[in-house]
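Chemist: Here's a sequence, model it:
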Amino acid sequence: QVQLVESGGGLGQAGGSLRLSCAASGLTFGNYAMGWFRQAAGKEREFVTRISRSGIIAYADSVKGRFTISRDNAKNTLYLQMNSLKPEDTAVYYCAASSGGLYLRTTGEYNYWGQGTQVTVSS
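Modeler: Below is the predicted model of the structure:
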């Protein structure tokens, strides 16, 4: 059974930093592309960033230069370092695993999802 468990969310201040983790089990982690998505209240889930199996990274324009995705295949863990936080970053953040896809920017390209972790940024 595949499990993705996010942690590290919470309350942050504008201009501050938070680091999210996603612990994966039940799958061969290195064989999957991994992504982070977020969903603000009343909005659709949106792409944040992803890292391919080979380590190729892409970011949404809204987080480029502020967020950094990384993965540790030995620990089966995905990370999201969030710096220079803004109130508009407030959302539930989800990690996801994909066995294949072209752009890996849409939810339909991912096979497995975590339960999400809330990030709230105060101004």
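
Chemist: before we move on, which element is the residue most central in space within the chain in?
Modeler: Note on the chain: the residue nearest the mean C-alpha position is residue 36, at 2.1 Å, using CA atoms, centre = their mean. For residue 36, the enclosing helix or strand under DSSP states H and E is strand 33-39.

Chemist: Centre of the chain to that strand, how far?
Modeler: Computed by CA atoms, centre = their mean, to the nearest Å, the chain-centroid distance of strand 33-39 equals 4 Å.

Chemist: Counting by contacts, list what it packs against.
Modeler: Using 3 or more CB pairs under 8 Å, 6 or more residues apart in numbering; DSSP states H and E, the elements in contact with strand 33-39 are strand 18-25, strand 46-51, strand 67-72, strand 77-82, strand 91-98. Backbone N, C-alpha and C define where each C-beta goes, glycine included.

Chemist: Out of the ones you listed, which gets nearest to residue 104?
Modeler: strand 46-51 (4.6 Å; CB to CB).
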